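all I have is the shape, not the residue letters:
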């Protein structure tokens, strides 16, 4: 875990999914598949200089045990028009814990979130406003992924 500061709000437009920890294991994979298959990232006017893909977790009903919304998308300027069927989400300025996830995409992201929710000694500091995964351009394939998992801190 590396602490980091988000110095400016991150605004993402993308495809939303309302899910829960119980449904996530069966819903998130197909959600990613739809996002990639339909080329949704290419339909959004991405912010210049930021070619990452983002998975933003927001609208937490309570904490890591309750329903939440996941938005798969790209960073945009705050006034970017939201295409039909997509959603804008704002990740606020603040302190974040950063975890590097690298390896089999079917395993490393789940393992990282499991660690954050159950083993990480600072998990009580989570603020449950917005957390996100940031995927580097070209760092995603069926067999390998590189992502930064960013967890908001109070």
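Yep, it's here. Since the model is a prediction, treat every value here as computed from it, not as a measurement.

so which residue is dead centre in this structure?
residue 55 (2.4 Å; C-alpha atoms, centre = their mean).

who's it bridged to?
residue 72, residue 133 (DSSP bridges).

relative to residue 121, how far out is it?
Separation of residue 55 from residue 121 (C-beta to C-beta, to the nearest Å): 24 Å. For the C-beta atoms, the positions are set from N, CA and C on the backbone; glycine is no exception.

likewise residue 65?
Distance from residue 65 to residue 121, counting by C-beta to C-beta: 19 Å.

those two: which has the busier surroundings?
residue 65 (12 against 7; other C-beta atoms under 10 Å).

please report the distance of the more buried one from residue 19.
With the distance defined as C-beta to C-beta, residue 65 ends up 13 Å from residue 19.

what's the overlap in contacts for the two?
Listed as contacting both residue 65 and residue 19 by C-beta atoms under 8 Å, 6 or more residues apart in numbering is no residue at all.

looking at the chain, which helix is longest?
Criterion DSSP state H: the longest helix present in the chain is helix 21-37.

I'd like the average pLDDT over that one.
Averaging pLDDT along helix 21-37 gives 95.

partner strands of the lowest-mean-pLDDT helix or strand in the chain and their direction?
In the chain, the helix or strand scored least confidently by mean pLDDT, DSSP states H and E is strand 2-6, which has a mean of 88. When pairing is defined by DSSP bridges, strand 2-6 lines up against strand 94-103 (antiparallel).

what comes into contact with the partner strand?
With C-beta under 8 Å, 6+ apart, strand 94-103 has contacts from 1-6, 108-109, 111-112, 115-116, 120, 122, 125, 127, 131, 133, 144-153.

list phi and psi for residue 143.
phi -110, psi -10 (degrees, to the nearest 10).

my error: substitute residue 145 in the last question.
phi -140, psi 150.

please renumber the chain so that the first residue is 20 from this point on.
Renumbered: residue one is now 20, and that last one reads residue 164.

so it versus residue 37, what's the distance?
In terms of C-beta to C-beta, residue 164 sits 24 Å off from residue 37.

what sits against residue 110?
Residue 110 neighbours (C-beta under 8 Å, 6+ apart): 25, 28, 29, 30, 31, 75, 77, 149, 151, 171.
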